[in-house]
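1. sequence plus predicted model, see below.
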Amino acid sequence: MRRQNNAGPPVFEVRGLTKTYTMGEVIIHALRGVDMELFARELVVLLGASGSGKSTLLNILGGLDSAGGGEVKYQDQSLTHAGEKALTEYRRNHVGFVFQFYNLISSLTARENVAIVTEISNDPMTPEEALALVGLEDRMDHFPAQLSGGEQQRVAIARAVAKRPLVLMCDEPTGALDSRTGIRVLEAIEYINEQLGTTTVVITHNEVISRMAHRIIRISDGRIARGEENPSRLPARDLKW
Amino acid sequence: MVRAINRKLLRDLYALKGQVAAISVVVGSGIMVLILAATILDSVSLSRDRFYHTHNFAHIFSNLTRAPEIVFQRLEEIPNIAALETRIQAQVRLAVPDFEEPVRGKILSLPDGEQPLVNRLYLRLGDLPEPGKPGQVVISEPLAEAHALKPGDELEAIIRGRLETLTITGVALSPEFIYQLGHGDLIPDYERYGILWMNRRELAAAYDMEGAFNSVVLTLQAGANQEMIKDALDEILGPYGSVGAFSREDQISHRFLQDELDQLRVMAIILPAIFLGVAAFLLNVLINRIINTQRQQIAVLKAFGYANSEIGLHYGFFAGLIVIIGSILGVLFGLWAAGGLVGLYAEYFRFPELSFRLQPEIVTLAVAIALTAAMLGVFKAVAGAVRSPPAEAMRPPMPERFSRGWFDLPFWNRILDQPSRIILRNLSRRRFKSLMSVLGIALSGALLLLGSYQFGSVNHMLDTQYRLVQKMDIHLVFTDIVPERAGTELLVLPGVHFAEAYRSVPVRIIHERIDYRTSIMGMEKDPALRGILDQNHAPVSLPPEGLVLTGYLAEYLGASPGDLLQVEILEGHRMTLTMELAGVVYEPIGVGAYMERRALNRIMREGPAISGAWLLTDQTRHHELFQRLWESPAIAGIGIIPRAEANIRQYIEDTVLIFMGVLLIMAGSIAFAVIYNNARIAFSERERELATLRVLGFTRVEIAWILIGEIFIITLAAIPLGWLLGTGFAYAVNQAISTDLFRLPFVLDREVFAFSAAGVLVATLLSVGLISRRLRRLNMVLALKTE
Ligand SMILES: Nc1ncnc2c1ncn2[C@@H]1O[C@H](COP(=O)(O)OP(=O)(O)O)[C@@H](O)[C@H]1O
Ligand SMILES: [Mg+2]
């Protein structure tokens, strides 16, 4: 397993990113000036305590939320100045999202949950291929209610990668799962990253998970505390918590 | 101190204010109609009963040609009679100062200077005529009001061809004329028709009725057998030209009043039932949704030791509060509208006093019914919520269970995209709810259809009657039967373009023990001014022999063309003939019998005689014409047809339109409430999925379709069902109100269907507009934040 670090231009370039929320009288500084880059093909774990701003950062990168200040560039496109239409297009064809609570459409089967994305994107794989990537080829016609949590999360991953996105954003993908199922899910993410070369960001507050990353970015109180290469990567299957 | 749990209740209500308002309006509508109908029902029937009771309204009536007063003694011997009065009644023509059109009237005798025992007068102003003073009359209040007449004023009357000047001594109301309707009219015309009362001695002298009477009215003792007494009366009065005693049911004022009360009673049941049923369904859906989203709160409350009953009560209160809000609206609007409507009723039904009172029983009943409906609606949801153990509720909800449906066949697989599949699965998963929604919306579409049907068909009826049937503009009734040539003489009157004479003979038509009293109209074979129509409203000719009946009458008698009818002639020499039913004709108002005029003359064993005429005149010369007609002693009555039409149309505008307006607003509110509630709940249930789809790169328009598509499918299913139900309603109403007085045509124009569909669609678009606002504000991050 070899990968060239910092090869080529960054996929994401973040400079001085801030974000504040106003809750009544209180102003919450969720991000206080974040600078960072993400490179092609790397798997980055964003590590931080609850409330440190991880989700906020990921949501802005994923085009779900607008930046408060600073600059976010995706390839050569500025996300900070993108309009509603451009952001929709960006989400449709470039990013895949995985959430803690799967967020599958309960009225659609696994296959259809993936198809809903492949129907609208430019150069998707088939739903069957995507589900095969996460090892669910024999559960394709099940509805979410008929799948376990881990299976649901793997459908969510298949759905996120079926459009062949350049980046895959995972916000606490194992947060609602026990460690055994969690590891199955992480294996799927790892496999996608290797097979498709998708730049992958995994958010977690679980130190153990960071050991599968190429690079670990620690975030605390809305700032990047430290970014470090991880020379001693472990395959997801060897993680234990 | 407000307990925390109650504060939660109020906050929940506030957060759901849109839906709370929509459901309250539906509850309110139901209560409003209930209160409106019940209050008026109560007020009218109470006023009627009181007036009948205090003024001794007759139970039985009999009209005859002329009987000597000595017969009174025989009448008195009939057992079980409480009071009996003989009297004289006659038609008069009146001239009212400063009013140039002819006024018709009916004049009744009073025992000299006294109140009658039966049908006593309620004197609003002045006094009864003094005994022995000639030319004094009491007049009916509506006539007095219409012409601002008061005691002391004078009127001119032509009584039996003689001009008399009458002095008004009083203004009165009678239980006999609560609905004061001129002969042959459908709608009161207070300007052109009135009732007068005069001392018997004087009226007898004027009408050549000294020592005689031509009308009997009587009241019964409790428990008396009406039929036996009617038979006794007929037996005694038959030889004196009685055409049969009749009871209140056939007395015109009573009958109209009773029909009105019956309609109110139906309205008081059916409409509230629809509204409260829909409200119960909406509450059920809403409470279910609230309980689903508050599962964890319920679990927490239970974990803290709240009892099931307390939690159940909490949601019960929630539904109860919505009902209370709706009830307050309904009671306020109901009373307000009842006030206005009672005024309208007082215009058409004349009581000494038509007061309406707020009956706490009715309000209590209305609210109790609404609450019961609501509780039925929420009971199951609440029971389910409190039964689940706290731990279960604490767990995050499982994804909703779905299964495949008919649209998962390969054919559909090819043409359905995933969003359409989401719509269809959501609809079919909640089959019951979807069906109820379709039904609720369809009901409102049906009400819309019914409203516009009624409006259209009343207009249709009037158009037929006044364009195709009654094409004359003046109708003259002669005092006597005159030779045919008198008809041509009418042409010399000022402004008369065309005249057509007829012969009218009062008869009783009998077929297999069913009988009906009417007149045979003898007319030209193809009358120019009086249309005779077939089913398709095409004019038909009268056959040279035989009788033609209004279809409704033929049906009532159970006779079809070719059958033989017994016809009892109630004029001159009484005789009974057998005649063939030669055909049936269609006419929307009234029923009648028709013959070729000369054929009628033949069976009457007379020469070519006529008893009235129809005119086509020059409106600008009416002043002169009326002047000449007034002076002519041969004229017993003058009817102005365009007036009658204008009166009816005015009445329709006053009453039917108000009812329709109310109906339309309420139907609209149901449609809106059902659709909006559905949409709102679908939105909150799907919010997370919709946000997910946005994350996956769907545009706003694409996700809006998932919600709106569902709404449209429900609406589109509801529209034809609404047409179907509405057609059924319209047919039922049509059947229910078809009487010998008038029949509404059962015509459903395309506009009626379009109107119903448009109403539902407008309500849908309105709801979609409101939901779109929410969709625009949908925040992906917030929607996905918590589970
Ligand atoms: N929509 C919001 N409104 C108000 N405050 C928010 C919102 N989203 C996040 N925050 C606040 O911003 C901070 C960072 O939140 P988040 O990025 O979700 O943290 P993490 O994902 O690291 O747990 C927290 O203090 C959180 O309370
Ligand atoms: Mg987070």
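-> Sure, I can see it. Ligands and ions are numbered 1, 2, ... in the order given.

2. contacts, neighbours, all on C-alpha from now
-> Will do.

3. for the stretch 251-400 of chain B, which residues are neighbours of ligand 1?
-> Of all the residues in the stretch 251-400 of chain B, not one is in contact range of ligand 1 (C-alpha under 6 Å from any ligand atom).

4. low-confidence bits of the stretch 251-400 of chain B, can you list those?
-> Across the stretch 251-400 of chain B, the ranges flagged by pLDDT under 70 are B:388-398.

5. can you pull out the helices in it?
-> B:252-293, B:295-303, B:308-348, B:360-387, B:390-394 (DSSP state H, counting those that start in this stretch).

6. need those helices in CSV with distance to B:I589 and mean neighbour count, can you?
-> Output for the helices of the stretch 251-400 of chain B, formatted as CSV (distance: least, C-alpha to C-alpha, whole Å; neighbours: other C-alpha atoms under 10 Å in any protein chain shown):
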stretch, distance to B:I589, mean neighbour count
helix B:252-293, 15, 20
helix B:295-303, 63, 18
helix B:308-348, 20, 20
helix B:360-387, 37, 18
helix B:390-394, 67, 15
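
7. can I see the domain layout of chain B?
-> Domain assignment of chain B by automatic domain parsing yields the ranges B:1-56+B:270-394, B:57-256, B:406-470+B:641-787, B:496-617.

8. to A:F143, which of these lies closest?
-> domain B:406-470+B:641-787 (11.5 Å; C-alpha to C-alpha).

9. quick one: the closest one to chain centroid distance?
-> 25 Å (C-alpha atoms, centre = their mean, to the nearest Å).

10. do the same with stretch A:225-241
-> Distance of stretch A:225-241 from its chain centroid, counting by C-alpha atoms, centre = their mean, is 17 Å.

11. and stretch B:271-281, by the same measure?
-> The answer for stretch B:271-281 is 22 Å, by C-alpha atoms, centre = their mean.

12. picking that back up, among the domains of chain B, which is nearest A:C170?
-> domain B:406-470+B:641-787 (12.7 Å).

13. how about that closest one and chain A, touching?
-> Yes - against chain A, domain B:406-470+B:641-787 shows contacts by C-alpha under 8 Å from any C-alpha of the partner chain at B:417-419, B:421-422, B:425-426, B:688-689, B:692, B:694-699, B:780-781, B:784, B:787.

14. make a ChimeraX selection of the buried ones in those residues.
-> Buried residues within these, by 16 or more other C-alpha atoms under 10 Å in any protein chain shown, are selected in ChimeraX with:
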select /B:418,419,421,422,425,426,688,689,692,694,695,696,697,698,699,780,781,784
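
15. which of the residues of domain B:406-470+B:641-787 next to chain A fall within strands?
-> Per DSSP state E, strands hold no members of the residues of domain B:406-470+B:641-787 next to chain A.

16. low-confidence ranges in the chain?
-> Just so you know, I chose chain A. A:1-7.

17. look at chain B instead
-> Low-confidence segments of chain B (pLDDT under 70): B:1-2, B:388-398, B:786-787.

18. what residue in it comes nearest to ligand 1?
-> For chain B, the nearest residue to ligand 1 under the criterion C-alpha to the nearest ligand atom is B:L782, separated by 5.9 Å.

19. can you give me the neighbour number for that residue?
-> 11 (other C-alpha atoms under 10 Å in any protein chain shown).

20. which of the three states applies to B:R66?
-> Secondary structure assignment for B:R66 (DSSP: H, G, I helix; E, B strand; the rest coil): strand.

21. B:I328 and B:I81: what is the separation?
-> Distance of B:I328 to B:I81, computed by C-alpha to C-alpha, to the nearest Å: 50 Å.

22. what does chain B have sitting close to ligand 1?
-> B:L782.

23. centroid residue for chain B?
-> B:Q263 (5.9 Å; C-alpha atoms, centre = their mean).

24. what's the closest of the helices of the stretch 251-400 of chain B to B:E751?
-> Nearest of those (C-alpha to C-alpha): helix B:252-293, 23.5 Å.

25. which residues does whichever strand or helix holds A:V202 contact?
-> A:V202 belongs to strand A:199-204 when elements are defined using DSSP states H and E. If you take C-alpha atoms under 8 Å, 6 or more residues apart in numbering or on different chains as the criterion, strand A:199-204 is touched by A:38-48, A:54-55, A:166-173, A:175, A:193, A:210.

26. again, only this time at 6 Å
-> A:40-47, A:167-172 (C-alpha atoms under 6 Å, 6 or more residues apart in numbering or on different chains).

27. next one: stretch B:568-583
-> B:506-508, B:546-548, B:561-567.

28. quick check, central residue of chain A?
-> A:M169 (1.2 Å).

29. helix, strand, or coil at that one?
-> strand.

30. hey, what's it bridged with?
-> Legend: beta-bridge partners of A:M169 under DSSP bridges are A:F97, A:V201.

31. pretty sure it is touching A:F97, no?
-> Yes - assessed by C-alpha atoms under 6 Å, A:M169 is found in contact with A:F97 at 4.9 Å.

32. buried stuff in the helix of greatest length in chain A?
-> Ranked by residue count, the top helix of chain A under DSSP state H comes out as helix A:179-196. For helix A:179-196, burial by neighbour count (16+ other C-alpha under 10 Å) applies to A:181-194.

33. could you do stretch B:6-16 as well?
-> Neighbour-count burial for stretch B:6-16 [16+ other C-alpha under 10 Å]: B:L9, B:L13.

34. does stretch A:107-119 reach chain B?
-> Yes - for stretch A:107-119, a contact with chain B is found by C-alpha under 6 Å from any C-alpha of the partner chain, at A:S107, A:I116.

35. give me the contacts around that stretch.
-> A:P124, A:P127, A:M140, A:D141, A:H142, A:F143, A:R159, A:K163, B:F402, B:Q418, B:I422.

36. would CSV of the helices of the stretch 251-400 of chain B with distance to B:D12 be doable?
-> Below are the helices of the stretch 251-400 of chain B laid out as CSV (distance: least, C-alpha to C-alpha, whole Å):
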stretch, distance to B:D12
helix B:252-293, 9
helix B:295-303, 12
helix B:308-348, 9
helix B:360-387, 16
helix B:390-394, 19
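
37. wait, which of those is closest to chain A?
-> Distance to chain A, taken as C-alpha to the nearest C-alpha, is lowest for helix B:390-394 among the helices of the stretch 251-400 of chain B, at 14.5 Å.
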